[in-house]
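Participant: based on what follows, work out the 3D shape:
(one chain, ligands or ions: 1)
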Amino acid sequence: MDWGMKNRLSRILQPESGRTVMLAVDHGYFLGPTSGLEKPGETIAPLLPYADSLMLTRGVLRNCVPPETKTPIVLRISGGTSILKDLSGEGLTVSMDDAVRLNVSAITLSIFVGADGERETLLSLAEAVDWGETYGFPVLAVTAVGKDMVRDARYLGLACRIAAELGAHMVKTYFCDGFENIVRDTPVPLVVAGGKKVPEKDALQMAWNAINAGARGVDMGRNIFQSDCPSGMIQAVRGVVHNNMAVKEAFQLYRDIKG
Ligand code: 5RP
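Facilitator: Below is the predicted model of the structure:
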């Protein structure tokens, strides 16, 4: 791995803890104006100091994030589908030239293992890895789950391993029972998505379970920006991820900040 790749990876996985709290705000690329992200700039601004990186599309980056920001950017480069039709047929939506121009720290795309778009999205991953290796950009593969797939360790483990075999530098997946087996079988760092909004304490418990099963962090969206106190929630998640806080302690931090 060359210096540029290592440098960019170290902006995401914090060298002090080896872990990361990524803030995912890319939902609009297939969901449109997601609840909590109607005005992305207003949602993102107060959370930026607490996010190790921001995962989003180039449209939101250019229009809603100040160019002075110091927060590393993880740019979504896949899309082309909407919630109104089959999601699995994503293609690449951003050129590497534009990723370079936007000065991003990593690129990310979804793979749909087991769905109609399996072949196209896996080949897109391989293409993105070629770009990434050429220009020194880490690639985060997102294991999107087709509607007929079960989010269990067998399926997610298969998808994560394939992503790593195709050269992804990090993989984002969902937490599930047996997550430690997915960690064992995936030779690159894993981060977990938050999933649908659940009560704050449950989301913190999920983050704690994932970290303790070997995840290197979270790439969380709705459980932060749809919280009744997004700033308190992201700081509590940081406590779990970076400071090994117990769930009770982290939940109390969220409540204290919420006031
Ligand atoms: C969609 C994504 C989202 O960024 C991901 O689902 C994370 O957000 P959340 O924590 O809300 O699930 O990658 O494919």
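
Participant: how many neighbours does K70 have?
Facilitator: K70 has 7 neighbours, counted by other C-beta atoms under 10 Å. (C-beta placed from N, C-alpha, C; glycine too.)

Participant: one more: K6?
Facilitator: Quick note: K6 (other C-beta under 10 Å) scores 11 neighbours.

Participant: what parts of the stretch 151-259 of the chain come near the ligand?
Facilitator: Residues of the stretch 151-259 of the chain lying close to the ligand by C-beta under 6 Å from any ligand atom are 193-195, 219-223.

Participant: which helix or strand contains the closest residue to M1 other than its chain neighbours?
Facilitator: In space, and not counting its chain neighbours, M1 is closest to L9: 7.8 Å by C-beta to C-beta, 6 or more residues apart in numbering. Assessed by DSSP states H and E, L9 sits inside helix 3-12.

Participant: distance of G232 relative to P46?
Facilitator: In this view, G232 and P46 are 11 Å apart by C-beta to C-beta, to the nearest Å.

Participant: more neighbours: these two, which one.
Facilitator: The residue with more neighbours, out of G232 and P46, is G232; 21 against 11, by other C-beta under 10 Å.

Participant: pull the contacting residues for W208.
Facilitator: 240, 246-247, 250 (C-beta atoms under 8 Å, 6 or more residues apart in numbering).

Participant: show the buried residues in those.
Facilitator: Buried positions within those, assessed by neighbour count (16 or more other C-beta atoms under 10 Å), are 240, 247, 250.

Participant: which ones among those map onto strands?
Facilitator: Here DSSP state E is the test, and the buried ones among the contacts of W208 give no hits in strands at all.

Participant: which of those residues lies closest to the ligand?
Facilitator: For the buried ones among the contacts of W208, the minimum distance to the ligand (C-beta to the nearest ligand atom) is 14.5 Å, reached by V240.

Participant: touching, that closest one and I211? I think so.
Facilitator: Yes - with contact defined as C-beta atoms under 8 Å, V240 counts as touching I211 (6.3 Å).

Participant: done for today, thanks.
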